[in-house]
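> Kindly return the folded structure for what I paste below:
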Amino acid sequence: MNLIQSGESISTMTFKLRLSSIFDNPDCLLGRRIRHQFLVTLLVNIATFSHGLGVGWMSPVMRDIQTDDSPLNFPVLVDQVSWIGSLVGIGSVMGNLLAGFLQDRIGRKLMLLFIAIPYTIFWCLVFFVQSVEFLYVGRLMAGMTGGACYVVLPTFISEIADTNVRGRLGSIILLSVNTGVLAGYIVSTSVDYFTSPPFIIALPVCYFICTFMFPETPHHLIRKGKFEAAKKSFMFYKNIRRDDIKAESEFEELKFLVNNYQAEKDKSFDYRDFITKPAFKAYASAAVLLICNQFSASFCITTYLSDVFAASYTNLNLGMCTILIGAIQIVGNYVATLLCDNYGRRVLILTSASGASVCLLAFGTFTFFAKDLKAEDLSVVGWLPLVILSFFVFLCNIGMVGCLFVLLVELFPSKIRSVAVSTFVVILSSTVFLTLKIFPICMAVWGISVTMWSCSGITFLCFLYFCFFLEETKGKSLL
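Here you go, the predicted structure:
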């Protein structure tokens, strides 16, 4: 009996030691030092999850409101649907500019609180909709939330995170958005139009409340000269309960680096830094990246997924196809976070662009011949559009989507990086509006086949540029 008890105690002790060694690992997200950083990152990403949920929810809805069984009491035309889809891009530009202008003035935390307001307005307008203008304004509000998120959250997370986990915590942003898109697909295809908004609106309310639970970033507080508050913030995010010599030394080093960086930034800014050869090379690569990201129809297909499937003559359940694509999107994004640092950015971009171009060509060709086939012939190959789009979404997310923001940051010289990245994010949001506006019109006027072939051709031209001119930025110093 004593031996059994002894054996049990030894195994229990061994388990506890192993568990302790995992949590003591400095790279463990649940380790003592990282725990608060990880928890706060999850809390602020309620905003990105909510944004993705809104994007995913609207995809099947935009098809439903054009049918005879529309849940709305007014008709919605193709041109109006294109505005509903695209106004999220205009809202995103507004969110980018507003967040970029205010986050250094009022702080990251106040901007995080602001993000919840337009998103709440979006769901209120969706629920109380009386005309198509309600949906226009709602999508504009949803875009503002998304645009502000993409500016504030990367800055906030980079300022609270330790260097060894910054990449993983930052990658949660896009993973959270795609998880929200999948949740939106599921909710929209499973629940009635007017049933979901009262429950979903709880998300921005919870997010708003949770934002009060953590302090402003120590970097911002140091810039404002609030050193006592900055020290408390530093201790919170490093999960240090009492002062010690090492923590004091770390904080003083951070204070010196922040003040020194700010002084150098103010002193060294020169417009001539924007017209150097490396700068122009970076502009060209960034521009092609944006063209490839948007004109490959990666975001358009996600937004108008139900319409794309309906135009593909597939006999599969549209709701289940949409949900499956949403799940594959998450897998592709996760694979990008695993491979990006191991194999480099360039190989992922080349694989992504070439594969996406082939998939678009194949999808356009299938739909071109499918329209002349009989129903019984289509039943044999009705699964093919799902397979092609699954590969397309996966390949887009491992490179063109998953590596986009990483490359944008790493391409530009350090002296112009902040301004250049902010400018290109605004251009990206503007391009989102353009592509979302013209995509449904192109499908209506040209047909799905020609639209897909056009996107395939643009993506292939971008692939050729990447082959000859895109540099590998893995391991590149950001200083």
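
> Check the separation of the first and last residues in stretch 62-74.
13 Å (C-alpha to C-alpha, to the nearest Å).

> Look at Ile388 and tell me its secondary structure.
Classification of Ile388 by DSSP: H, G, I helix; E, B strand; the rest coil places it in helix.

> And for it, the neighbour number?
Residue neighbour count, defined by other C-beta atoms under 10 Å, stands at 22 for Ile388. Glycine gets a C-beta too; all of them are placed from N, C-alpha and C.

> Against Arg166, how distant is it?
36 Å (C-beta to C-beta, to the nearest Å).

> and what of Asn260?
Asn260 is 20 Å from Arg166, by C-beta to C-beta.

> the more surrounded of those two?
Arg166 (16 against 10).

> For whichever strand or helix holds the more buried one, which residues meet the burial criterion?
Per DSSP states H and E, Arg166 falls inside helix 166-190. Across helix 166-190, burial judged by 16 or more other C-beta atoms under 10 Å covers 166, 168-189.

> Mind giving me the packing neighbours of the following helix or strand past that helix?
Sequence-wise, the next helix or strand downstream of helix 166-190 (DSSP H and E) is helix 196-200. Helices and strands touching helix 196-200, by 3 or more C-beta pairs under 8 Å, 6 or more residues apart in numbering; DSSP states H and E, are helix 46-64, helix 108-127, helix 166-190.

> Of all the ones you listed, which one comes closest to Val450?
Nearest of those to Val450, taken as C-beta to C-beta: helix 46-64 at 20.5 Å.

> those helices in the stretch 251-400 of the chain, which residues are they?
277-295, 298-303, 305-310, 318-343, 345-370, 375-381, 384-398 (DSSP state H, counting those that start in this stretch).

> among those, which is nearest Ser249?
Comparing these by C-beta to C-beta, helix 318-343 comes nearest, at 29.3 Å.

> Report the separation between the two terminal residues of stretch 309-321.
Termini of stretch 309-321 sit 8 Å apart (C-alpha to C-alpha).

> contacting residues around that stretch?
60, 63, 185, 189-190, 305-306, 322, 363, 366-367, 370-371, 373, 375, 378-379, 382-386, 389, 443, 448 (C-beta atoms under 8 Å, 6 or more residues apart in numbering).

> Give the ChimeraX command for selecting the buried subset of those.
To isolate the buried ones among the contacts of stretch 309-321 in ChimeraX, judged by 16+ other C-beta under 10 Å, type:
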select :60,63,185,189,305,306,322,363,366,367,370,378,382,384,385,386,389,443,448
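
> related to what we said a few turns ago, now do the helix holding Arg166: distance to the chain's middle.
Using C-alpha atoms, centre = their mean, to the nearest Å, the distance from the centre of helix 166-190 to the centre of the chain it belongs to is 8 Å.

> Quick check: mean pLDDT of it?
Here helix 166-190 scores 84 as its mean pLDDT.

> surely Gly54 meets Phe122?
Yes. Between Gly54 and Phe122 a contact is recorded at 6.3 Å, counting by C-beta atoms under 8 Å.

> Determine the number of other residues adjacent to Thr163.
Neighbour tally, Thr163, other C-beta under 10 Å: 7.

> quick one: contacts for the residue nearest to Ser430 when sequence neighbours are not counted?
Among residues not flanking Ser430 along the chain, Val93 sits closest, at 5.5 Å (C-beta to C-beta, 6 or more residues apart in numbering). Counting by C-beta under 8 Å, 6+ apart, Val93 touches 143, 147, 426, 429-430, 433.

> Identify the contacts common to Gly54 and Phe122.
Joint contacts of Gly54 and Phe122 (C-beta under 8 Å, 6+ apart) are Ala142.

> higher neighbour count, the two?
Phe122 (30 against 26).

> What does the pLDDT read for Arg242?
Looking at Arg242, the pLDDT reads 68.

> ah, wrong one, I meant Lys265
Predicted confidence (pLDDT) for Lys265: 63.

> same thing with Val137?
94.

> Pull the contacting residues for it.
Val137 neighbours (C-beta under 8 Å, 6+ apart): 121, 125.

> Let me know the average pLDDT across the helix or strand hosting the residue nearest to Ser430.
Taking DSSP H and E as the definition, Val93 sits inside helix 78-106. For helix 78-106, mean pLDDT is 88.

> Now do the contacts for Val44.
Contacts of Val44 (C-beta under 8 Å, 6+ apart): 112, 153, 156-157, 207, 211.

> can you do 10 Å?
108-109, 112, 115, 149, 152-153, 156-157, 160, 172-173, 176, 207, 210-211, 214 (C-beta atoms under 10 Å, 6 or more residues apart in numbering).

> Against Phe439, how distant is it?
Distance from Val44 to Phe439, by C-beta to C-beta: 31 Å.

> give the contact list for the spatially most central residue of the chain.
Residue closest to the mean C-alpha point of the chain, counted by C-alpha atoms, centre = their mean, is Leu174 at 3.4 Å. Applying C-beta under 10 Å, 6+ apart to Leu174 gives the contacts 45, 48, 52, 150, 329-330, 333-334, 336-337, 397, 401-402, 404-405.

> swap the cut-off to 8 Å and go again
48, 333, 401-402, 405.

> likewise Thr337?
Counted by C-beta under 8 Å, 6+ apart, Thr337 has contacts 167-168, 171, 175, 402.

> and Gln66, what helix or strand is that in?
Here Gln66 is assigned to no helix or strand, by DSSP H and E.

> For the contacts of Val93, name the two members farthest from one another.
Among the contacts of Val93, Gly143 and Val426 lie farthest apart (C-beta to C-beta), at 12.5 Å.

> So for the two, which sits in the more crowded spot?
More crowded of Gly143 and Val426, by other C-beta under 10 Å: Gly143, with 29 against 19.

> Grab the nearest non-local neighbour of that one.
Among residues not flanking Gly143 along the chain, Gly91 sits closest, at 2.2 Å (C-beta to C-beta, 6+ apart).
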